[in-house]
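J.: structure for this input, please:
(one chain, ligands or ions: 3)
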Amino acid sequence: TAMLTIRDLHAEIEDKPILRGVSLTVPAGEVHAIMGPNGSGKSTLSYVLSGRDDYAVTGGEVLFDGRDLLAMEPEERAVAGLFLAFQAPVELPGVGNANFLRTALNAQRRARGEAEIDAVRFLKLAREAARRLAMPEDMLKRNVNVGFSGGEKKRNEMLQMVLLQPRFAILDETDSGLDIDALKIVADGVNGLRAPGFSALVITHHQRLLELIVPDRVHVLVRGQIVRSGGPDLARELEVSGYGAVIREAAA
Ligand code: ADP
Ligand code: MG
Ligand code: MG
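T.: Ligands and ions are numbered 1, 2, ... in the order given. Below you'll find the predicted structure:
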């Protein structure tokens, strides 16, 4: 069954068309990658799916679990199980990381009518998750992202993802500064959640990330349209040949 269905999605920013008819289905349990040259609309797609209001959707539809995603507020999307990894994690001086994470988790649980998780039980869950992500435990006590290195922020983002247990994660790994360690952290986060009821859309320039995650499908976005889809081999092919051939094919 389809977890996410995007049909002929058009979106623009400041009257400039960016997405020009994107169609894509991510079945439950699958991880799909979106690759594509700079400026092709990859981040725009993730922002539209997360509900950022500076992007105007001008056509098409998105169904999440059969629900009209675009009609939902960003908070409702999160409650429904959508997780968006932030590109620039916010720093929150004076706010302890564990408390912040527990507050976020319990807000979602309350909204779903689920029981809240108390501090003791949460700390146990958070420690387990931190261990799995090879994250030093003291990062749970520190202020949210304050003074965290790039790798620590990445780990923290994955910790947040693992604890929130989304049904669908969208990761936009645009950071050119991601080193191999950071890519491993992201891969561990995604691979650790892999399950029949979990899907993800991983947006990346990095073939190496896809070596670690091994997506079920790879889609190439060029000038706001998916011009090719394939298996993991497509990422390897693009690593070798670049986007030139795909762009020329699409233009032809
Ligand atoms: P990608 O993530 O694939 O590099 P983006 O979605 O970031 O691409 O950008 C797609 C296009 O939209 C680019 O041409 C970019 O310049 C344009 N764009 C993105 N954000 C804005 C904005 N805030 N204002 C105007 N144009 C934008
Ligand atoms: Mg870009
Ligand atoms: Mg981008």
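
J.: make it CA atoms for all contacts and neighbour counts henceforth
T.: Will do.

J.: pLDDT score for the residue located most distally from the centre of the chain?
T.: Going by Cα atoms, centre = their mean, the residue of the chain most distant from its centre is residue 252, 31.7 Å out. Note on residue 252: pLDDT of 77.

J.: got a list of what residue 97 touches?
T.: Residues in contact with residue 97 (Cα atoms under 8 Å, 6 or more residues apart in numbering) are 139-145.

J.: make it 6 Å
T.: 140-144 (Cα atoms under 6 Å, 6 or more residues apart in numbering).

J.: which parts of the stretch 1-150 of the chain are strands?
T.: Assigned by DSSP state E, counting those that start in this stretch, the strands in the stretch 1-150 of the chain fall at 2-13, 16-27, 31-35, 56-64, 67-68, 82-84, 92-96, 143-144.

J.: between the third one and strand 16-27, how many degrees?
T.: Relative orientation of strand 31-35 with respect to strand 16-27: 160 degrees, computed using axes from the mean of the first three to the mean of the last three Cα atoms, to 10 degrees.

J.: ok, strand 31-35: who's next to it in the sheet?
T.: Here strand 31-35 has these sheet partners by DSSP bridges: strand 199-204 (parallel), strand 217-222 (parallel).

J.: in TSV: these, plus mean pLDDT.
T.: Listed next are those as TSV, based on pLDDT from 0 to 100:
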stretch	mean pLDDT
strand 199-204	94
strand 217-222	96
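
J.: tell me which of those strands is the most buried.
T.: strand 199-204 (a mean of 25; mean count of other Cα atoms under 10 Å).

J.: anything in that strand near ligand 2?
T.: No - using Cα under 5 Å from the ion, strand 199-204 never reaches ligand 2; the gap is at least 10.1 Å.

J.: from the chain's centre, how far out does that strand sit?
T.: Taking Cα atoms, centre = their mean, to the nearest Å, one finds strand 199-204 lying 5 Å from the centre of the chain it belongs to.

J.: ok, now stretch 137-145?
T.: For stretch 137-145, the distance to the chain centre is 22 Å (Cα atoms, centre = their mean).

J.: show residues contacting the host helix or strand of residue 156.
T.: Secondary structure assignment for residue 156, by DSSP states H and E: helix 150-164. Helix 150-164 is contacted by residues 105, 182, 189 when judged by Cα under 6 Å, 6+ apart.

J.: what about the stretch 51-200 of the chain, any weak spots by pLDDT?
T.: 86-88, 174-177 (pLDDT under 70).

J.: re the thing from before, ok, so of the contacts of helix 150-164, who is nearest ligand 1?
T.: residue 182 (19.0 Å; Cα to the nearest ligand atom).

J.: which ones are touching the closest one?
T.: Applying Cα under 6 Å, 6+ apart, the residues contacting residue 182 are residue 151.

J.: how about the one 5 residues further on?
T.: Residues touching residue 187, when contacts are defined by Cα under 6 Å, 6+ apart, comprise 212-213.

J.: pretty sure it is in a helix, no?
T.: Yes - read with DSSP: H, G, I helix; E, B strand; the rest coil, residue 187 is one of the residues of a helix.

J.: against ligand 2, how distant is it?
T.: 21 Å (Cα to the ion, to the nearest Å).

J.: for residue 210, find the nearest of the strands of the stretch 1-150 of the chain.
T.: strand 31-35 (7.7 Å; Cα to Cα).

J.: any residue of that closest one touching ligand 1?
T.: No - residues of strand 31-35 are not located near ligand 1 by Cα under 6 Å from any ligand atom, the shortest gap being 8.1 Å.

J.: distance between that strand and the chain's centre?
T.: Distance, centroid of strand 31-35 to centroid of chain: 10 Å (Cα atoms, centre = their mean).

J.: still on that earlier bit, buried sites along the helix holding residue 156?
T.: Neighbour counts using 16 or more other Cα atoms under 10 Å place 151-164 of helix 150-164 among the buried residues.
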